[in-house]
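S.K.: build me a structure from this.
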Amino acid sequence: MSKGKRYDEPKLNLKKVFAVIILFVVIIMCIVMLKGILAGEEEKQEKITSIDYFSAYNNNKWGVINSNGDIVIDPSYAEMIIVPNSKKDIFLCTFDVNYDDGTYKTKALNGKNEEIFTSYEQIEAITNIDENQNLSYNGQVLRVQKQGKYGLINMDGTEILPCEYEEIKALQGVENAILLQKEGKYGIVNNEGKTLIEPNYVEIQGLGKEASQGFIVKNQEEKYGIIDISNKQVLETKYDAISKIHKGDYYVVTENGKQKVVKKDGTEILNGEYDEIVAILKNPENGIIYKDNEKYGLMNLEGTKIIAENYDDLKEAKTGTFIVKQKDNYGIIDQEGKTLVEVKYKGINYNEKADIYITEDENYNNEILKGNYEIKLTGMVTNIDDERGYIEIKQEEGYKYYNFKFEEQKEADIFKTNTLFVSKKDGKYGFLDKDGNVVVDYIYDDATMQNTYGYAGIKKDGKWGVVDRNGKVIQEPTYKLDDYLQIDFIGRWYLGKDLNMNYYRK
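M.R.: Predicted structure coming up:
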């Protein structure tokens, strides 16, 4: 029997093996490089899209920094540089100021320190002040001047209103409403330069905080009326005065020295015995809050008193519920005057979105009341975010977070982009990552929550410093900020004392 032929083992081709190995290595390197490029591009894109700009103050000079803490415009100006829109690299500089005659020069710079919008004699931000005296800048348009006349440009430099007006400024306390003067008369335009009211009046006021609520106008005969946002007459221009108090079709006007409530068609609703109408209730049919002999009460639209004028203040919280003040203390009553919460607090505010009452005692501690006015939370409320639906409250254990159902929330579930989370242990503060691992040891006397730009404040021995998003100390506790209302950092720069000015210093 013959043997079958044995198959020989193939010989190893070393050239082919080396080629395969090299190819494999090249592929791995390409993948790693590609990932690095993509990660870099993502990081770069994130950095670009999240950049904000702020006025900066150092060594008695003003400049600009970005949200990475980098200097964009070197602090070298004697006057504050205005950043009207933190997302735009448009910086307004004032220089050559003559304090004797009030003259000065202005210019606009971009992020490369290049002068822009150079065809105008002056370029200025439009400032607004709300009812609480908070200052803000219009971030959509700039006021410009040519040959002594004013106009408007948008943030791209496009002229949306020609330089032919004697004055242009914000209608104070009203958003998206710009007051302009031409030939001695006033009118209103919006941020797009669209005319809302022709310049035909000697005075214009906002009826509310929004342009959509309409405007109180005054004619040459010293009479007042109401014009809506589409330039239509709402109330005839015939009254001695019109209050900024209104609900729906109900308005408060003054004729012959007496306040009264009228409807938009001029029908007189209420003309009772009182010194002043203070507010119309959310449901006007439920009546008005009035003042008599410096005391507050409630009457219906027929003039019948519902709550006698026994209070130093009376404000509607929600329908049928009122926050009242007697002497220096606050409480809550219903529409029949029945006490719901004892008048014993130093302050009470109502949050409509969360449907909660926040009380305050003499030490600024808060109680949060809900439902039948039972106490749901105690501590120091530091923030109520209506959009994300959470309450931030500082308690003995540190900062805690609750939704509007008073269910405790993890900080990482609310602030999904944060990398650090404040934690307190044995009376000291540190930081954890989103998985609960200690990133910064518990060695600090206090700490702030990580801000939008990734920085968090740390306090030790009475001084503040800052860590970055990785928990790395980039400024040892150095700054004494005891009298600062808000502690916030961008890099080594800390938020200025005057929050209205919104600037950083070091």
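S.K.: only C-alpha atoms for contact and neighbour calcs from this point on.
M.R.: Fine.
S.K.: after the helix or strand harbouring residue 143, which helix or strand is next? Please name it.
M.R.: Secondary structure assignment for residue 143, by DSSP states H and E: strand 135-146. Using DSSP H and E, the helix or strand that follows strand 135-146 in sequence is strand 149-154.
S.K.: what are the buried residues along that next one?
M.R.: 149, 150, 151, 152, 153, 154 (16 or more other C-alpha atoms under 10 Å).
S.K.: and stretch 446-458, by the same measure?
M.R.: Buried residues in stretch 446-458, counted by 16+ other C-alpha under 10 Å: 446, 447, 448, 449, 450, 451, 453, 454, 455, 456, 457, 458.
S.K.: ok, and what's touching it?
M.R.: For stretch 446-458, the external contacting residues (C-alpha atoms under 8 Å, 6 or more residues apart in numbering) are 67-68, 418-422, 428-430, 444-445, 459-460, 464-469, 477, 487-491.
S.K.: just stretch 58-76 next, same as before
M.R.: 50-57, 77-81, 91, 111-113, 453, 490-493, 505-506.
S.K.: so which of these belong to strands?
M.R.: 53, 54, 55, 56, 57, 77, 91, 490, 493, 505 (DSSP state E).
S.K.: and the fourth one, what is it in contact with?
M.R.: By that I understand residue 56. Counting by C-alpha under 8 Å, 6+ apart, residue 56 touches 62, 63, 64, 65, 75, 503, 504, 505.
S.K.: run through the bridge partners of the first one.
M.R.: Residues in a beta bridge with residue 62, per DSSP bridges, are residue 57, residue 77.
S.K.: count the neighbours of it for me.
M.R.: 23 (other C-alpha atoms under 10 Å).
S.K.: how about the fifth one?
M.R.: Residue 75 has 20 neighbouring residues, counting by other C-alpha under 10 Å.
S.K.: now residue 163. Nearest residue, chain neighbours left out?
M.R.: Take residue 163 and drop its neighbours on the chain: the residue closest to it by C-alpha to C-alpha, 6 or more residues apart in numbering is residue 151, 3.9 Å away.
S.K.: isn't the one you found right up against residue 161?
M.R.: Yes: judged on C-alpha atoms under 8 Å, residue 151 makes contact with residue 161 at a distance of 5.0 Å.
S.K.: now do the shared contacts for the two.
M.R.: The contact sets of residue 151 and residue 161 do not overlap (C-alpha under 8 Å, 6+ apart).
S.K.: list phi and psi for residue 213.
M.R.: In terms of degrees, to the nearest 10, the main-chain angles of residue 213 are phi -80, psi -10.
S.K.: so what's the spatially closest residue to it that is not a sequence neighbour up against?
M.R.: Leaving aside its sequence neighbours, residue 213 sits nearest to residue 207 (C-alpha to C-alpha, 6+ apart; 6.1 Å). Counting by C-alpha under 8 Å, 6+ apart, residue 207 touches 213, 214, 215, 216, 243, 244, 245.
S.K.: spell out for me which residue occupies the centre of this protein.
M.R.: residue 136 (9.3 Å; C-alpha atoms, centre = their mean).
S.K.: can I see the domain layout of the chain?
M.R.: 346-409, 414-506 (automatic domain parsing).
S.K.: for those domains, which one ends up most surrounded?
M.R.: Comparing these by mean neighbour count (mean count of other C-alpha atoms under 10 Å), domain 414-506 ranks first with a mean of 18.
S.K.: for the record, mean pLDDT for that one?
M.R.: For domain 414-506, mean pLDDT rounds to 96.
S.K.: circling back to that earlier point, report the beta-bridge partners for the residue nearest to the centre of the chain.
M.R.: Beta-bridge partners of residue 136, as defined by DSSP bridges: residue 128.
S.K.: that one contacts residue 170, correct?
M.R.: No: checked against C-alpha under 8 Å, the pair residue 136 and residue 170 is beyond contact range at 10.3 Å.
S.K.: picking that back up, distance of the residue nearest to the centre of the chain from residue 176?
M.R.: According to C-alpha to C-alpha, to the nearest Å, residue 136 stands 12 Å off from residue 176.
S.K.: mind listing the helices for the stretch 401-506 of the chain?
M.R.: Using DSSP state H, counting those that start in this stretch, the helices of the stretch 401-506 of the chain run over residues 411-414.
S.K.: check the chain too.
M.R.: Applying DSSP state H to the chain gives helices spanning 14-49, 411-414.
S.K.: quick one: list the elements packing against the strand holding residue 143.
M.R.: strand 122-129, strand 149-154, strand 159-165 (3 or more C-alpha pairs under 8 Å, 6 or more residues apart in numbering; DSSP states H and E).
S.K.: now that strand, how far from the centre of its chain.
M.R.: What separates the centre of strand 135-146 from the centre of its chain is 18 Å, taken as C-alpha atoms, centre = their mean, to the nearest Å.
S.K.: now stretch 483-503
M.R.: Distance of stretch 483-503 from the chain centroid (C-alpha atoms, centre = their mean) equals 15 Å.
S.K.: and if you look at stretch 59-69?
M.R.: Centroid separation between stretch 59-69 and its chain, computed with C-alpha atoms, centre = their mean, is 21 Å.
S.K.: rounded mean pLDDT for it, please.
M.R.: Stretch 59-69 carries an average pLDDT of 97.
S.K.: which parts of it are buried?
M.R.: Counting neighbours by 16+ other C-alpha under 10 Å, stretch 59-69 gives 61, 62, 63, 64, 65, 66, 67, 68, 69 as buried.
S.K.: let me know the closest of those to residue 395.
M.R.: residue 67 (30.1 Å; C-alpha to C-alpha).
S.K.: got the phi and psi for the closest one?
M.R.: phi -70, psi 0.
S.K.: roughly how far does it sit from residue 332?
M.R.: From residue 67 across to residue 332, the span is 44 Å (C-alpha to C-alpha).
S.K.: circling back: could you work out the most separated pair of the ones in strands among the contacts of stretch 58-76?
M.R.: Pairwise distances across the ones in strands among the contacts of stretch 58-76 peak at 20.7 Å for 77 and 490 (criterion: C-alpha to C-alpha).
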